[in-house]
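K.L.:
Sequence and predicted structure below; questions after.
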Amino acid sequence: MTEQTAGAGHGPDDGPGNGGGSGDGAGGGGGASGGEGLDSVPALELDPILDDPGTRIIVCCGAGGVGKTTTAAALGVRAAERGRRVVVLTIDPARRLAQSMGIDSLDNTPRKVEGIKGSDGGELHAMMLDMKRTFDEIVEAHADPERARAILENPFYQSLSAGFAGTQEYMAMEKLGQLRARDEWDLIVVDTPPSRSALDFLDAPKRLGSFLDGKFIKLLMAPAKVGGRAGMKFLNVGMSMMTGTLGKLLGGQFLGDVQTFVAAMDTMFGGFRTRADATYRLLQAPGTAFLVVATPERDALREAAYFVERLAAERMPLAGLVLNRVHVSGAAGLSAERARAAAENLEEGRIVDQGPGNAGLRGSPATSTESQALATAATSSVPEAAPTAGPPIPAGTEADARSAADGGTDPGTDVNASAPTDASADPATGDVRQLTAGLLRLHAERMRVLAREQRTRDRFTALHPEVAVTEVTALPGDVHDLAGLRDIGDRLTAGRTPSA
Amino acid sequence: MVSGKGGTGKTTVAAALALALATEGKRTLLVEVEGRQGIAQLFETEALPYEERKIAVAPGGGEVYALAIDAERALLDYLQMFYKLGGAGRALKKLGAIDFATTIAPGVRDVLLTGKACEAVRRRERNGRPTYDHVVMDAPPTGRITRFLNVNDEVAGLARIGPIHNQAQAVMRVLKSPETAVHLVTLLEEMPVQETADGIAELRAAELPVGRVVVNMVRPHVLDEAAVRAASGDHREAVARTLVSAGVAGGARLVEPLLDQAAEHARRVELERAQRAVLEGVGVPSYELPYLGDGADIAGLYRLAKELRRQGVGA
């Protein structure tokens, strides 16, 4: 077992030596995290986009839970502090996020965010989409009061405006169009609803628009509209067969509600379609920048790739990919395997039952410290023996050895509790070993995560090498205030790319 | 029913649960309803059709079947079953009526999706044995789950009579029975925990049976703040020497970044402790699943299933 342990002690350390500063060679391999071939990934530079007065709309899209809303808020804060008049339209923010912008709760009206350190007239407003309210407002704005009341009270309308999964997407687009038309802000940052799938956000508005405008609705309205006109006879037959079926399925009263609703909305249909089309064109215009947000997870990046393809197909201007929560390490030169092996060295050294006699075999300090610990472990049941059990202390590891001996005097070698009994400035070596092993284990885990993230990113990059990327390093906690959003803004624009 | 905030791993947990429940001689059905083909990707198989097919054999020999429910197909099947519509179904589709019923008419889509799952729950073989011992649904996220399951309320105001109404009633009977449990997947992070707490309150208000909180991606706590403080304090040199002695070259230069990582870890440990306390306050029992450093691949899935069994699933 001694050989094995000693062997492991040497194994990972193939550097030029353990002493002094000559370890440079091994540690210096640094930086390279296996990302060759990715040097060509273009960097997504957000500040020029935020500063360009031609940028009027930024849309953040991506899978659920990747930090879209936080990204949108952070961009809003940054743009405002760089002099833009910004409104952030969030769809479904966590309460925390509203609070981080100093607003207790966001509602359907833009509220000014205080505490923006804008030097040249920059301002930030924020609002949260209330889809029912937005729908109601459209009705109120486009129908005379009596008609509006009839629509608002219609049961089908009430369910549609509050319940239909696509309504949120549709109303987000409506709101975006409204904000743009008001021209009070020179930049609108919007995040997208937590969709069932990537498709919804682009499809739902069209779908609702075409439904409200479409054949089916026309058919439902037909009896009221065309009455007994001879040419429509055939259609009416088809109609009654169909309403009959739907009536059976949904209950006749439901269909009645729909028909009433449709009749009342009649004059507005053209408007819906026109506005949906206008907003769609607005999104295609050069003043719009789409940001696809993802985390370096398989599912999130798969969804991101899908978005990239969809946006291209719809000729929507993609600015690039924001990769959130990327892990980094300042010690990337130390591989997971070596860190783990070293941690095992430290840990095993303490549990192996080994007589002190074998200690002191000359060799690297690793071996002798290992032996120290063995001695400690072996003698911990006989504390008095410890101070004398230690082998000769090699130069350069004096302190280690001394603390090992101190540790040896304490039977409880493996718990923090032993520390206070020692001089507080000089903890038991057992503690330092344990601590160091912990640091190494954490590092090994970190490197494993780095490697996995690298693989998932590589897959995305292989599919879409043309997409500019910026990486946002992971924060240990959540964002609570403007300072936190500013920090994210800094990270967003720090110019980290996958090859960095 | 497995729900959870986006990004918490709800599909993975649902799949692991289906595997864990498929103990010896049992058969589970894993269904997805959002058209994302998440199950197929997880099990590394081709896209699932609208058809139940076996996708995995669980440890011990149980079987896992999978089904991607498609609301449109479910409605057409349904019409066929009850009205023998045949070609008329296609005509309805052409007119946009099916699209209307499955995507725009509020709640109808949800009734169809949950209805299909409930049908699988109640289905029996010729010998009277249930076809599936368990049906696990990868359900919509926490923010929508109560509305999704509470189909009765959704369609009550609209379809007061008729088959959709009856279907909704039947579905609600199953969903509110003790046979159903709604599990909520969360991470030990503020936003998902908050959403979980809110989701539980909503489910309870709707009298839907809350199952467990599944705390996912739990990382081992290697070092706590006290240890990191000690290390960052006076012991840098000792740590550097220990690194060198353990065979890590350039130990001195690594101390700083390693301590930074440890400080981040420690802060996270503290945050997780706080979030755990919030979850305890909710008073729902939990399962805990470890963080998979290599991501949720098939091997990871089986590991999670094993972990769930160890915590009592399928017992």
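P.N.:
Perfect, thanks for sending it.

K.L.:
Looking at residue 220 now. What's its pLDDT?
P.N.:
Chain wasn't specified; assuming chain A. We have a pLDDT of 66 for A:Leu220.

K.L.:
Let me rephrase: I mean chain B.
P.N.:
With respect to pLDDT, B:Pro220 scores 84.

K.L.:
Leaving out the residues flanking it, which one is nearest to it?
P.N.:
B:Pro290 (7.6 Å; C-beta to C-beta, 6 or more residues apart in numbering or on different chains). Any C-beta I mention is one placed from the backbone N, CA and C, and that applies to glycine too.

K.L.:
again, but for B:Val284
P.N.:
Leaving out its chain neighbours, the residue that sits closest to B:Val284 by C-beta to C-beta, 6+ apart is B:Val213, at 5.0 Å.

K.L.:
For the one you found, which three-state class applies?
P.N.:
Three-state call for B:Val213 (DSSP: H, G, I helix; E, B strand; the rest coil): strand.

K.L.:
what are the bridge partners for it, then?
P.N.:
B:Val213 forms beta bridges with B:Leu184, B:Ser286, as assigned by DSSP bridges.

K.L.:
tally of neighbours for it?
P.N.:
25 (other C-beta atoms under 10 Å in any protein chain shown).

K.L.:
got the contact list for it?
P.N.:
By C-beta atoms under 8 Å, 6 or more residues apart in numbering or on different chains, the residues touching B:Val213 are B:183-186, B:196, B:200, B:279, B:282, B:284-287.

K.L.:
what does B:Arg53 give?
P.N.:
B:65-67.

K.L.:
longest helix in the chain, by residue count?
P.N.:
Unless you meant another one, I'm taking chain A. Counting by DSSP state H, the longest helix found in chain A is helix A:429-463.

K.L.:
try chain B instead
P.N.:
helix B:251-282.

K.L.:
follow-up on the earlier one: run through the neighbouring helices and strands of the helix or strand following the longest helix of chain A.
P.N.:
Using DSSP states H and E, the helix or strand that follows helix A:429-463 in sequence is strand A:469-473. Strand A:469-473 sits against strand A:318-326, helix A:482-492, with contacts defined as 3 or more C-beta pairs under 8 Å, 6 or more residues apart in numbering or on different chains; DSSP states H and E.

K.L.:
most packed of these?
P.N.:
Of these, the one with the most neighbours on average (mean count of other C-beta atoms under 10 Å in any protein chain shown) is strand A:318-326, at a mean of 23.

K.L.:
May I have the helix or strand that that strand is followed by as CSV, with CA atoms only?
P.N.:
Using DSSP H and E, the next helix or strand after strand A:318-326 towards the C-terminus is helix A:336-351. Output of helix A:336-351 as CSV, limited to C-alpha atoms (Å, rounded to 0.1, in the frame of the first residue of the first chain):
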residue,chain,number,x,y,z
ALA,A,336,-9.7,17.0,-13.5
GLU,A,337,-7.8,13.7,-13.4
ARG,A,338,-4.8,15.2,-11.8
ALA,A,339,-6.8,17.1,-9.3
ARG,A,340,-8.7,14.0,-8.4
ALA,A,341,-5.6,11.9,-8.1
ALA,A,342,-4.0,14.5,-5.9
ALA,A,343,-7.1,14.7,-3.7
GLU,A,344,-7.0,10.9,-3.3
ASN,A,345,-3.4,11.1,-2.3
LEU,A,346,-4.2,13.5,0.4
GLU,A,347,-7.2,11.6,1.6
GLU,A,348,-5.9,8.1,1.4
GLY,A,349,-2.7,9.1,3.2
ARG,A,350,-4.8,9.6,6.2
ILE,A,351,-6.7,6.5,6.3
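
K.L.:
mind listing what's buried in helix A:336-351?
P.N.:
Neighbour counts using 16 or more other C-beta atoms under 10 Å in any protein chain shown place A:336, A:338-350 of helix A:336-351 among the buried residues.

K.L.:
just stretch B:121-133 next, same as before
P.N.:
Neighbour-count burial for stretch B:121-133 flags B:121, B:132-133 (criterion: 16+ other C-beta under 10 Å).

K.L.:
Check stretch B:2-20 too.
P.N.:
For stretch B:2-20, burial by neighbour count (16+ other C-beta under 10 Å) applies to B:2-20.

K.L.:
Of those, which are in range of chain A?
P.N.:
B:5-8, B:11 (C-beta under 8 Å from any C-beta of the partner chain).

K.L.:
so of the residues you listed, which ones are in helices?
P.N.:
B:Thr11.

K.L.:
between the ones next to chain A among the buried residues of stretch B:2-20, which is nearest A:Phe135?
P.N.:
Taking C-beta to C-beta as the measure, A:Phe135 sits nearest to B:Gly6 out of those, at 24.5 Å.

K.L.:
ok, the residue nearest to the closest one when sequence neighbours are not counted - how many residues close by?
P.N.:
In space, and not counting its chain neighbours, B:Gly6 is closest to A:Gly64: 2.1 Å by C-beta to C-beta, 6+ apart. Using other C-beta under 10 Å, A:Gly64 is surrounded by 21 other residues.

K.L.:
Which strand or helix spans A:Gly64?
P.N.:
With DSSP H and E as the test, A:Gly64 turns up in no helix or strand.

K.L.:
for the one 10 residues further on, same thing?
P.N.:
Assignment of secondary structure by DSSP H and E places A:Ala74 within helix A:68-81.

K.L.:
Quick check: what element follows that helix along the chain?
P.N.:
strand A:85-90.

K.L.:
I'd like the average pLDDT over that following strand.
P.N.:
When pLDDT is averaged along strand A:85-90, the result is 93.

K.L.:
between it and helix A:68-81, how many degrees?
P.N.:
Interaxial angle of strand A:85-90 relative to helix A:68-81 (axes from the mean of the first three to the mean of the last three C-alpha atoms, to 10 degrees): 170 degrees.

K.L.:
Which strands or helices does strand A:85-90 pack on?
P.N.:
Packing contacts for strand A:85-90, counted by 3+ C-beta pairs under 8 Å, 6+ apart, involve helix A:68-81, strand A:123-128, helix A:165-182, strand A:187-191.
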